[in-house]
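Enquirer: Quick one, what's the 3D model for this:
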Amino acid sequence: MHEYALYLLLIRYSNKLLLMNATILHRELKKNRTSLLLDYSLNGKRVQETLQMYITTKPKSQIEKDQNREVLQKAELVRLRFLNKVMDNRHDITDNSSNKILLLKYFQHLAVLKKKGRSALTWHSAVLILEEFLNGEQILLKRLKESHLEKLKQYMLNSYIKKNGKKLAPNTAALYFSKIKAGLNQAYQEKLISFKISDNVKSLPKKNIPRKYLTIDEILKLNSTDCSNQLLKKAFLFSALTGLRWCDIEKLTWNDIKYSSDRGNFIEFTQKKTDSEEWVPISDDAFNLLGTRPDVNGEKVIVGLSYSPHFKAIIKKWLNKANIAKEITFHGARHTYATTLVTKGADLFVISKMLGHKDIRTTQIYSHVIDKTKVDAAKLLNIFE
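Expert: Numbers count the residues shown, from 1 in each chain. Coordinates of the predicted model:
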């Protein structure tokens with residue numbers, strides 16, 4: 001039976017995935033989250049390992065259901081590969097001499113060990129692309145050549161096709177290839193290969209893609225312009241005033257909205273993308289946009305808000321109605337928030353904390369706005385007639 005068909009059959013009839021002696025267990029946590037664990041017996045020893053994967057315990061929106069399905073599929077893939085390793089007596093990669101470690105097996109091992117969050121998903125995707133590139137070819141880790149890596153780069157840029165029929169964006173290909181190089185560096189540190197082969201292969205260049213954003217005047221125009229979806233309008237404007245992503249706004253409850261004398265109104269929540277605990281101060285405008293706090297704190301901040309594939313078209317019509325000639329997605333509201341802070345003189349380090357970035361280099365994509373601000377400031381000295 002095909003692995004995916006087996007997965008669908010098992011998930012339909014059980015709350016855990018079962019094959020031989022390995023299962024995916026569900027452990028309920030707080031805040032409507034469930035952690036997935038790999039439960040197995042190896043050499044008579046019972047082991048439970050967290051997969052650093054999480055699903056929504058009681059999904060309500062379609063986007064939550066889709067995300068649950070995606071995470072469960074990835075957990076099932078980990079389980080099946082684990083079973084293959086057990087069958088091949090390769091569960092513990094350190095049990096093999098470096099002469100026998102296959103390139104793909106090593107990277108699959110690394111992907112399983114990675115922590116939760118976006119980085120883990122990136123590793124998972126990079127390894128899947130590596131697997132498709134190898135197409136069944138059994139290359140030993142220590143026999144990897146620079147020519148293999150050069151071909152892999154070209155495959156990522158020109159040959160790999162996503163499920164939607166499109167090629168990888170250059171920056172996405174660069175990100176995935178960087179994971180391959182990082183894995184090879186780790187193999188060198190573990191003395192599984194004799195030299196740092198990744199140093200001899202150039203990384204894929206990243207393109208500086210300007211983020212699309214709205215000005216304050218344009219946000220004011222949108223605020224005074226009707227939108228066919230009022231919940232989407234409220235969510236978009238709230239994102240532009242707080243920097244929150246769609247996924248964080250969609251699950252936001254009044255329990256997450258707090259007040260203290262030193263912080264004022266602020267949001268305390270777990271970022272879905274990075275899975276990190278954050279608190280973000282919010283302006284009076286952002287708070288007032290939400291309306292009156294209900295008696296039940298656990299209620300959603302924007303009741304009835306759910307994802308729709310038509311949102312992009314709705315936002316486009318809304319922009320056109322406000323006479324704003326820009327192509328902006330919902331995520332553009334988050335870019336608007338960051339850009340507004342930069343133009344108002346906020347420090348990049350502070351902005352990185354407001355956005356929940358773990359690395360300030362992520363925030364530096366907005367540095368081009370600082371350059372424009374410097375040019376505008378210099379123009380203020382054009383005082384001679």
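
Enquirer: what about the strands in the stretch 251-385 of the chain?
Expert: 257-260, 264-270, 277-281 (DSSP state E, counting those that start in this stretch).

Enquirer: Any chance of a markdown table for those strands, columns mean neighbour count, distance to Lys326 and mean pLDDT?
Expert: Quick note: C-beta positions are derived from backbone N, CA and C, even for glycine. Output for these, formatted as a markdown table (neighbours: other Cβ atoms under 10 Å; distance: least, Cβ to Cβ, whole Å; pLDDT from 0 to 100):
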| stretch | mean neighbour count | distance to Lys326 | mean pLDDT |
| --- | --- | --- | --- |
| strand 257-260 | 12 | 30 | 88 |
| strand 264-270 | 17 | 27 | 83 |
| strand 277-281 | 15 | 25 | 81 |
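
Enquirer: Take those strands and write them to JSON lines, including distance to Ile314.
Expert: Converted to JSON lines, the strands of the stretch 251-385 of the chain look like this (distance: least, Cβ to Cβ, whole Å):
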{"stretch": "strand 257-260", "distance to Ile314": "26"}
{"stretch": "strand 264-270", "distance to Ile314": "25"}
{"stretch": "strand 277-281", "distance to Ile314": "26"}
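
Enquirer: Quick check: which of those is nearest to Leu29?
Expert: strand 264-270 (10.6 Å; Cβ to Cβ).

Enquirer: Point out the other helices and strands that whatever helix or strand Lys153 lives in packs with.
Expert: When elements are assigned from DSSP states H and E, Lys153 belongs to helix 146-154. Under the contact criterion of 3 or more Cβ pairs under 8 Å, 6 or more residues apart in numbering; DSSP states H and E, helix 146-154 touches helix 118-134, helix 170-189.

Enquirer: relative to helix 118-134, how tilted is the longest helix seen in the chain?
Expert: Assignment by DSSP state H gives helix 62-87 as the longest helix of the chain. Relative orientation of helix 62-87 and helix 118-134, computed by axes from the mean of the first three to the mean of the last three Cα atoms, to 10 degrees: 60 degrees.

Enquirer: which helices and strands sit right next to helix 62-87?
Expert: Looks like helix 62-87 contacts helix 3-13, strand 17-19, strand 22-28, strand 33-42, strand 45-56, helix 103-113 (3+ Cβ pairs under 8 Å, 6+ apart).

Enquirer: Now with 6 Å, please.
Expert: When contacts are defined as 3 or more Cβ pairs under 6 Å, 6 or more residues apart in numbering; DSSP states H and E, helix 62-87 packs onto strand 22-28, strand 45-56.

Enquirer: Now do the buried residues in that helix.
Expert: By neighbour count with 16 or more other Cβ atoms under 10 Å, helix 62-87 contains the buried residues 63-64, 67-68, 71-72, 74-83, 85-86.

Enquirer: Also stretch 198-211?
Expert: Here stretch 198-211 shows Ser198, Val201, Leu204 as buried, counting by 16+ other Cβ under 10 Å.

Enquirer: and if you look at stretch 183-194?
Expert: So for stretch 183-194, counting by 16+ other Cβ under 10 Å, buried means Gly183, Leu184, Gln186, Ala187, Tyr188, Leu192, Ile193.

Enquirer: Also stretch 228-238?
Expert: Here stretch 228-238 shows Asn229, Leu232, Lys233, Lys234, Ala235, Phe236, Leu237, Phe238 as buried, counting by 16+ other Cβ under 10 Å.

Enquirer: So what's the gap between the helix holding Lys153 and the chain middle?
Expert: Distance of helix 146-154 from the chain centroid (Cα atoms, centre = their mean, to the nearest Å) equals 26 Å.

Enquirer: neighbouring contacts of that helix?
Expert: Phe133, Phe177, Asn200, Val201, Leu204 (Cβ atoms under 6 Å, 6 or more residues apart in numbering).

Enquirer: would you list these in JSON lines and tack on distance to Thr340?
Expert: JSON lines is the format used below for the contacts of helix 146-154 (distance: Cβ to Cβ, whole Å):
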{"residue": "Phe133", "distance to Thr340": "42"}
{"residue": "Phe177", "distance to Thr340": "34"}
{"residue": "Asn200", "distance to Thr340": "44"}
{"residue": "Val201", "distance to Thr340": "40"}
{"residue": "Leu204", "distance to Thr340": "32"}
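
Enquirer: Nearest to Thr50, out of those: which one, please.
Expert: Closest to Thr50 out of the contacts of helix 146-154 is Phe177 (28.3 Å), distances taken as Cβ to Cβ.

Enquirer: In contact with the spatially closest residue to the closest one that is not a sequence neighbour, which residues?
Expert: Nearest non-adjacent residue to Phe177, counting by Cβ to Cβ, 6 or more residues apart in numbering: Leu204, 5.0 Å away. Shown in contact with Leu204 (Cβ under 6 Å, 6+ apart): Lys153, Ala173, Ala174, Phe177.

Enquirer: and Leu204, that's in a helix?
Expert: No: Leu204 is assigned coil when assessed by DSSP: H, G, I helix; E, B strand; the rest coil, not a helix.
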